[in-house]
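> Here is a sequence together with a model predicted from it:
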2 protein chains.
Amino acid sequence: MAWPSERRSESRDRILLSAERLFTERGFDGVSIDQVMQDAGMTRGAFYAHFKSKRELYAEAISSAAKRMEARHPASTDELIRRYLSIQHLESKAGSCPLAFLVSDIGQRDTQIRETYTRIFNALAGKLGGEPGSEPDDAALRTLVLMVGGVAVARAINDADLAERVLEACREGALDQCASSAEQRLQ
Amino acid sequence: MAWPSERRSESRDRILLSAERLFTERGFDGVSIDQVMQDAGMTRGAFYAHFKSKRELYAEAISSAAKRMEARHPASTDELIRRYLSIQHLESKAGSCPLAFLVSDIGQRDTQIRETYTRIFNALAGKLGGEPGSEPDDAALRTLVLMVGGVAVARAINDADLAERVLEACREGALDQCASSAEQRLQ
DNA sequence: GTCTATAGGCAGATAGAC
DNA sequence: GTCTATCTGCCTATAGAC
């Protein structure tokens, strides 16, 4: 969902870009408006000329980060799974998926933010299986949980070898599930 | 791992119990020491007679919450999966699993806290498959990611029906995986 | 050990000059 | 639109009375 009636200034876009990166990396409480504005090359006072509140910025940043990811999605589902469940994604400082990086941050936020998260989740699940436009099927939900959960867990644990093994195990599981689900659809 | 050399006062246990519930529900930044102490029936000043810092309390609370869960684990793996991936677990105000509820909170914390999380993760993974004492196998890692990820995602999304469907899809996947993994071990 | 009081810092949001 | 300055409130942590 876009906000077509709103003007997009260059400053606004710079704030949003900084917010995407910082919020995804550190969560809502881990980032101050001051830090976002400094990263964007401005001072605090200018913030409220572009956004109503920190919460509004957070919701827009998550939505914008998801759109940016979507724009770079590979054509093949297999390739998407491989890139998502990779060390590169885990360690990326930009372009990370808010579904995984913020999954346990969202439950504490307000309705608008949780709606944004749910919309993004549904969109990605729809890409992974089921008829487009209708509800995603169970296999797609499982695959997406393996992707989101795998990245979230690998980021939490403090053991690089175990993190790699988690990513690999989930990658195999997700690819298997996708293959057998596509097979079933051909029957 | 316990701290056997430390005395356990009744007050200390009450603080810890409140911290388990509040931190698991709202995360590190979502809870103040004031709130924990009020919940435990004391005032702020008494806190530092029992814990060195908020971070220390957080680490101990996560560890303690995991131990409390473990003590109530059912004998059967299937039953564990069913209870973990249930609405009751999702909505429980106490006895929830910090692995799922805090998964994307942990990456922002210090080494001690991340080590605690990793240790708990390994312990639960070991219960789900592989030889006891050695490293958990890939199927166990996948099963645990489905459980942790399923609960985390279901908590994040703002759609009760979809949350139920996510839990159910993960439950089926985890039970299937467990069954076929046990089968393989018998061969 | 528990209390009240407070130090010292940082946060979100606003006001008004330019 | 962007700046500096400030209001207001909450936080962690400590000091000192009891």
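All right, it came through fine. No experiment lies behind these values; they were computed from the predicted model shown.
> In terms of helix, strand or coil, where does A:Gly41 fall?
Following DSSP: H, G, I helix; E, B strand; the rest coil, we place A:Gly41 in the coil state.
> surely it meets A:Arg14?
Yes - between A:Gly41 and A:Arg14 there is a contact under C-beta atoms under 8 Å: 6.8 Å. C-beta: built from backbone N, CA, C; applies to glycine.
> Looking at the two now, which is surrounded by more residues?
Set side by side, A:Gly41 and A:Arg14 show more neighbours around A:Arg14, with 17 against 11, by other C-beta atoms under 10 Å in any protein chain shown.
> residues touching the more buried one, list them.
Taking C-beta atoms under 8 Å, 6 or more residues apart in numbering or on different chains, we find A:Arg14 in contact with A:Ala40, A:Gly41, A:Met42.
> just those residues that are near DNA strand C?
Counting by C-beta under 7 Å from any atom of the strand, the subset of the contacts of A:Arg14 that neighbours DNA strand C is empty.
> Put together a markdown table for those residues, with pLDDT and distance to A:His89 on each row.
Output for these, formatted as a markdown table (pLDDT from 0 to 100; distance: C-beta to C-beta, whole Å):
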| residue | pLDDT | distance to A:His89 |
| --- | --- | --- |
| A:Ala40 | 98 | 24 |
| A:Gly41 | 98 | 27 |
| A:Met42 | 98 | 30 |
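> tell me which of the residues you listed is nearest to DNA strand D?
A:Met42 (3.4 Å; C-beta to the nearest atom of the strand).
> Would you mind measuring from that closest one to A:Ala59?
A:Met42 sits 20 Å away from A:Ala59, taking C-beta to C-beta, to the nearest Å as the criterion.
> of the two, who's got more company?
For A:Met42 and A:Ala59, the more surrounded residue by other C-beta under 10 Å is A:Ala59, and the numbers stand at 21 against 17.
> And the helix or strand hosting that one, what does it pack against?
Assigned by DSSP states H and E, A:Ala59 belongs to helix A:54-71. On a contact count with 3 or more C-beta pairs under 8 Å, 6 or more residues apart in numbering or on different chains; DSSP states H and E, helix A:54-71 meets helix A:10-26, helix A:33-39, helix A:98-101, helix A:111-128.
> Report whether that helix contacts DNA strand C.
Yes - Helix A:54-71 is in contact with DNA strand C by C-beta under 7 Å from any atom of the strand, via A:Lys54, A:Arg55.
> Tell me if that helix is near DNA strand D.
No - using C-beta under 7 Å from any atom of the strand, helix A:54-71 never reaches DNA strand D; the gap is at least 13.4 Å.
> in that helix, what's buried?
A:Lys54, A:Leu57, A:Tyr58, A:Ala59, A:Glu60, A:Ala61, A:Ile62, A:Ser63, A:Ser64, A:Ala65, A:Ala66, A:Met69 (16 or more other C-beta atoms under 10 Å in any protein chain shown).
> how much does it deviate in direction from helix A:111-128?
10 degrees (axes from the mean of the first three to the mean of the last three C-alpha atoms, to 10 degrees).
> In chain A, where is pLDDT below threshold?
Low-confidence segments of chain A (pLDDT under 70): A:1-7, A:130.
> Report the residue ranges of every domain in it.
Listed by the TED database, the domain ranges of chain A are A:1-66, A:72-186.
> Please work out which of those domains is packed deepest.
A comparison of those by mean neighbour count, using mean count of other C-beta atoms under 10 Å in any protein chain shown, puts domain A:72-186 on top with a mean of 19.
> Can that domain be said to contact DNA strand C?
No - Domain A:72-186 does not reach DNA strand C (C-beta under 7 Å from any atom of the strand); its nearest approach is 11.1 Å.
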